[in-house]
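S.K.: just coords:
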């Protein structure tokens, strides 16, 4: 018997359509995209979720401007997650990130979820320093590629 929800699991990353956003020849310092739920691999979903590892080398190899997003907004809600990898203290981010929401600067040093309401400008988002890997994910209330 085939399980009714067997196709509701994503086990590997689905390469996005944009060029050069993912490479099978990963080198230390690149972010590593792990899992992605989007139109390309889960057509019935009304969500978009992407999980990524951020590596300390990202901060060492790139300028602050190179690792910063630009301010922008969406017509949908979004949640960003930053989770540290300190097994003795899971709340410790293992680095420092900055995120601007509605023009306010927020410095993040602890594992957190960030709720970004539709229509609110956010960014830049940037890793200021990183001592250990950070698990990052984003989740949107619409399935957009």
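M.R.: All right, it came through fine. Here the structure is a predicted model, which is why all the values come from computation and not from measurement. Numbering: from 1, shown residues only.

S.K.: who's the residue lying closest to residue 86 once chain neighbours are set aside bridged to?
M.R.: Excluding the flanking residues, the one nearest residue 86 by CB to CB, 6 or more residues apart in numbering is residue 92, at 4.3 Å. All C-beta atoms are positioned from the backbone trio N, CA, C, and that covers glycine. Beta-bridge pairing of residue 92 under DSSP bridges involves residue 110.

S.K.: Go through the least confident helix or strand in the chain by mean pLDDT and flag the buried ones.
M.R.: When the helices and strands of the chain are compared on mean pLDDT, DSSP states H and E, helix 57-61 comes out lowest with a mean of 80. Neighbour counts using 16 or more other CB atoms under 10 Å place 58, 59 of helix 57-61 among the buried residues.

S.K.: And for the helix or strand containing residue 108, what's in contact with it?
M.R.: Element membership for residue 108, per DSSP states H and E: strand 104-110. Residues outside strand 104-110 that contact it (CB atoms under 8 Å, 6 or more residues apart in numbering): 82, 84, 91-93, 95-100, 114, 128.

S.K.: Extract the residue ranges of the chain that are flagged as low pLDDT.
M.R.: By pLDDT under 70, the low-scoring segments of the chain are 1, 13-30, 143-145.

S.K.: ranges for the strands of it?
M.R.: 32-37, 48-54, 78-84, 92-101, 104-110, 112-116, 122-130, 134-140 (DSSP state E).
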